[in-house]
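1. what shape does this take:
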Amino acid sequence: MNPVPHPEHGVENLCAAGTELYARALREGYVLGVEAGAAPCLLDFGLLHPAVTDPDRLEPVAPVVALHRMLRIAEERVAEERRREALLAETFEPLMRIEGRRTGAEDSSMISVLSGIDLIGRVIGQAVAAGSELLSIQPNTSDRHAQPPPSVHVEAFDRDQDLLARGGRIRTLYQHTLRHAPSVVARYERLHGDVEARSLDEVTERLIIVDRTVAFIPANKDRSLALEVRHPALTTFFVTTFDRLWRLATPMHPEAVHQPTRNGITPRQQAIAALLVEGHTDAVIADRLGMNIRTARVHIAKLAATLGSESRAQLGYLIAQSGILDRGA
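-> As a prediction, this is how the structure comes out:
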């Protein structure tokens, strides 16, 4: 079994193991070197050091001496930051006197680039913590993009539950492929408050809107970059897009609506049929509908069997002739 890694912390937040071992070293005059394995921070911070006469023993530095050294380091750090502030002010003071016409000061604050999953999550969390409505589109990207670590999902759940506990509301759009996903079902079984979810065969890329005034969208494929959008015209566009998709979507929580089978064709197969008629490959169909290519091919094979097709070309013709794509069919 791998040992539990020592938590990172500063000397001002000395861990419990470190505090206990340092206190014992002060009382007894030393501790054995092997005991410091549970609190390596004591050596890192210089609170213990090897004894001159016996390297296997660790002797404590007097608290007064340690405190004085730490305070001196802190003072030097503060002094360095003040010197840096002075240099920054000196550098930018003459530049601030230039009256440029293309600085974009107002527009740049309306669209910001966020880099890194941690920063993106933190900024979204701050927006949600101050908001009362959360609208989001969550496509099934498990087969296409890198996923955030589990801790991100836990933080998102806690964030959403806090919003609901304040009397807020949450509306989420998923793809049909996630209607019965265990992680999604479990999430909604645990959330309490004004929360609804619906699903569609196809949705946009991930979209998060808070209070209809700020939106977050991915800025690259693996979502390590995101755009924070506060421009009123763009946020209005995103909200309108969400509202229109919401009206077309099928309820899945709190009360799921069964999707009817038409002429022996399931709704999933009907969505695939529409993309087949458009001439898309199996890979594109899988990507558009949020499923892996093997699952897409299984559905295509079932669709072909239902319609009695013996080839891809014939399948497209039979789909068109069957009327399954007609509204109300």
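2. what residues are up against residue 213?
-> Residues counted as contacts of residue 213 (CB atoms under 8 Å, 6 or more residues apart in numbering) are 230, 232, 235. Any C-beta I mention is one placed from the backbone N, CA and C, and that applies to glycine too.
3. make a markdown table out of those and add secondary structure.
-> Below are these laid out as a markdown table (DSSP: H, G, I helix; E, B strand; the rest coil):
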| residue | secondary structure |
| --- | --- |
| 230 | coil |
| 232 | helix |
| 235 | helix |
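4. going by neighbour count, which of those residues comes out on top?
-> residue 235 (19 neighbours; other CB atoms under 10 Å).
5. what's around the nearest residue to it once chain neighbours are set aside, how many residues?
-> Once flanking residues are discounted, residue 235 sits nearest to residue 215: 5.2 Å by CB to CB, 6 or more residues apart in numbering. Number of residues near residue 215 (other CB under 10 Å) recorded here: 25.
6. I'd say residue 215 and residue 238 touch.
-> Yes: the criterion here is CB atoms under 8 Å, and residue 215 meets it with residue 238 at 4.7 Å.
7. follow-up on the earlier one: that's a strand at the residue nearest to residue 235, yeah?
-> Yes: applying three-state DSSP, one finds residue 215 inside a strand.
8. residues contacting it?
-> Counting by CB under 8 Å, 6+ apart, residue 215 makes contact with 207-209, 228-230, 234-235, 238.
9. now do the domain split for the protein, please.
-> Listed domain ranges for the chain are 11-61, 108-253, 267-322 (source: automatic domain parsing).
10. pipe those domains into a markdown table and attach mean pLDDT per row.
-> Listed next are those as a markdown table, based on pLDDT from 0 to 100:
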| stretch | mean pLDDT |
| --- | --- |
| domain 11-61 | 87 |
| domain 108-253 | 85 |
| domain 267-322 | 80 |
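11. include distance to residue 92 when you put these into JSON lines, please.
-> Compiled in JSON lines, those are given as follows (distance: least, CB to CB, whole Å):
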{"stretch": "domain 11-61", "distance to residue 92": "32"}
{"stretch": "domain 108-253", "distance to residue 92": "16"}
{"stretch": "domain 267-322", "distance to residue 92": "47"}
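12. find residues that contact each of residue 215 and residue 238.
-> Here residue 215 and residue 238 have 207, 209, 229 as joint contacts, going by CB under 8 Å, 6+ apart.
13. show me the helices in the stretch 201-329 of the chain, by range?
-> Ranges of helices in the stretch 201-329 of the chain, per DSSP state H, counting those that start in this stretch, are 232-248, 267-277, 282-289, 293-307, 312-322.
14. turn those helices into a markdown table, columns for distance to residue 74.
-> Formatted as a markdown table, the helices of the stretch 201-329 of the chain follow (distance: least, CB to CB, whole Å):
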| stretch | distance to residue 74 |
| --- | --- |
| helix 232-248 | 43 |
| helix 267-277 | 62 |
| helix 282-289 | 53 |
| helix 293-307 | 58 |
| helix 312-322 | 71 |
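15. so for residue 127, which of the ones you listed sits nearest?
-> helix 232-248 (11.9 Å; CB to CB).
16. for the closest one, packing partners?
-> Packing partners of helix 232-248 (3 or more CB pairs under 8 Å, 6 or more residues apart in numbering; DSSP states H and E): strand 133-138, strand 169-175, strand 194-200, strand 207-210, strand 214-218.
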